[in-house]
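Student: I'd like to go over a predicted model; first the sequence, then the structure.
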Amino acid sequence: MQANEAIKKIAVRTCVYFTVTTLLILAINWALTGLPEGMRPLALILILPFSLCFAAANVLLRYSKLQKALVVVLHYILTVGGIFLCLYLPIRQPGSTAAGAFLFFALLTLIYAVVMAVVGVFRSRAGRLKRDRKEYKSVYKK
C-alpha cells in the first residue's frame, strides 16, 4: 500500500473511532452518574490521539507486510498504550494509586489477548475456507 492510501485510511478511521469512542464514553458517563454534563474538555480532546493510535494500529495490522508476530506486538503497544495514556490517565482520580493503574493495565492486556485470540481464530478459519474453495490443480499431471 502506498503512503497516500495509508494516510487516507488512517484519517477516515480516526474520525470514525473518535466519534464512536466519544459517544460511547459519554453514554457510559451518563449511565453511571446520571448527569448530562459530559466530561472534562482535556479528556475529550485526548480521545483524538487515542483514535489516531488505534486507527494506525488497525491499518498496520490489516495491510502490513511485516512478520505477523511483530505486527501484533506493535498493534498491542499502540492500542493498549493509547487507551492507558490517552483515556485512563487523564480521567483517573487524584487519590488513585499505582496498584490501581497496574490492575487496569493488566485487565486491558487480558481483554486484548482474549479479543485478539478470537480474531485470530476467525481469520485463520476464513483463510482456511478461502484456501479450500480454490480449485486444485495438479502440478504432476500433464
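Tutor: That came through, no problem. Numbers count the residues shown, from 1 in each chain.

Student: any idea how far the residue nearest to Ile10 when sequence neighbours are not counted lies from Arg13?
Tutor: Distance criterion C-beta to C-beta, 6 or more residues apart in numbering; nearest residue to Ile10, sequence neighbours excluded, is Ala55 at 4.8 Å. For glycine as for every other residue, the C-beta is placed from the backbone atoms N, C-alpha and C. Per C-beta to C-beta, to the nearest Å, Ala55 is found 4 Å from Arg13.

Student: Same check on Ile25?
Tutor: On the measure of C-beta to C-beta, Ile25 and Arg13 end up 18 Å apart.

Student: Near Leu61, how many other residues are there?
Tutor: Leu61 has 18 neighbouring residues, counting by other C-beta atoms under 10 Å.

Student: And what about Leu74, helix, strand or coil?
Tutor: Reduced to three states with DSSP: H, G, I helix; E, B strand; the rest coil, the structure at Leu74 is helix.
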